[in-house]
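In: Pasting a predicted model and its sequence here:
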Amino acid sequence: MALTAEDRLQIHEVIALHGHLCDASAYERFDLVFTPDLVVDTSDLGLAPLHPGDQYESRLAMYIAVAHRRGPGDIVGMHATNTVVREDGDGARAWSKGFTVNLDGSVASFVYEDLLVRTPDGWRIRRRKVSPRREPGRGVELPVMPG
């Protein structure tokens with residue numbers, strides 16, 4: 001499946017929407033960004049994987065519950081930028097640079113690596129890996145754009 005310019009724009013907007021929803025603590029609206037079978041890998045951040053229990057109807061419901069419990073903490077702004085999108089079978093992969101601005105003025109940098117799928121409601125993220133950026137010159141190697 002070839003990605004159109006419209007597909008790419010929608011993917012960029014879904015990735016950006018995540019930060020806006022986080023900044024507004026509007027976690028219950030994460031269905032606008034993620035699929036119900038969402039898998040988030042934060043192991044590079046030292047966080048244990050989440051395993052859905054019987055009390056959650058989906059992995060997304062569990063992720064929303066965790067976000068509500070954690071709350072915004074000291075983050076005053078979550079940003080995604082420098083997004084690169086590539087075709088991946090019937091879906092797409094995207095790599096974005098992310099950073100948070102904290103209440104004390106400190107900044108944290110990370111990389112999102114997303115697997116996106118087209119749903120009846122538009123593009124959604126099915127898998128997300130979050131990796132911290134702590135060393136200069138050690139970034140993610142991206143696939144080269146064909147052509």
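Out: That came through fine. Numbering: from 1, shown residues only.
In: following the longest helix along the chain, which helix or strand shows up next?
Out: If you go by DSSP state H, the chain has its longest helix at helix 5-23. Following helix 5-23 in sequence order, the next helix or strand is strand 34-41 (DSSP states H and E).
In: Would you indicate which residues of that next one are buried?
Out: Residues of strand 34-41 classed as buried by neighbour count (16 or more other C-beta atoms under 10 Å): 34-35, 38-40. Where you see a C-beta, it was placed from the backbone N, CA and C, and this is true even at glycine.
In: And those residues, which two are furthest apart?
Out: Based on C-beta to C-beta, the longest span within the buried residues of strand 34-41 runs between Thr35 and Val40 and measures 11.4 Å.
In: who's in contact with Asp114?
Out: Asp114 is in contact with 15, 93-96, 125, 127-129, counting by C-beta atoms under 8 Å, 6 or more residues apart in numbering.
In: Make CSV out of those residues and add neighbour count.
Out: Below are these laid out as CSV (neighbours: other C-beta atoms under 10 Å):
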residue, neighbour count
Ile15, 24
Arg93, 18
Ala94, 23
Trp95, 20
Ser96, 23
Ile125, 23
Arg127, 18
Arg128, 22
Lys129, 18
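In: could you check the angle helix 5-23 makes with the helix or strand of the chain with the lowest mean pLDDT?
Out: Every helix and strand of the chain was ranked by mean pLDDT, DSSP states H and E. The lowest is helix 59-70, at a mean of 86. Put simply, helix 59-70 runs at 40 degrees to helix 5-23, going by axes from the mean of the first three to the mean of the last three C-alpha atoms, to 10 degrees.
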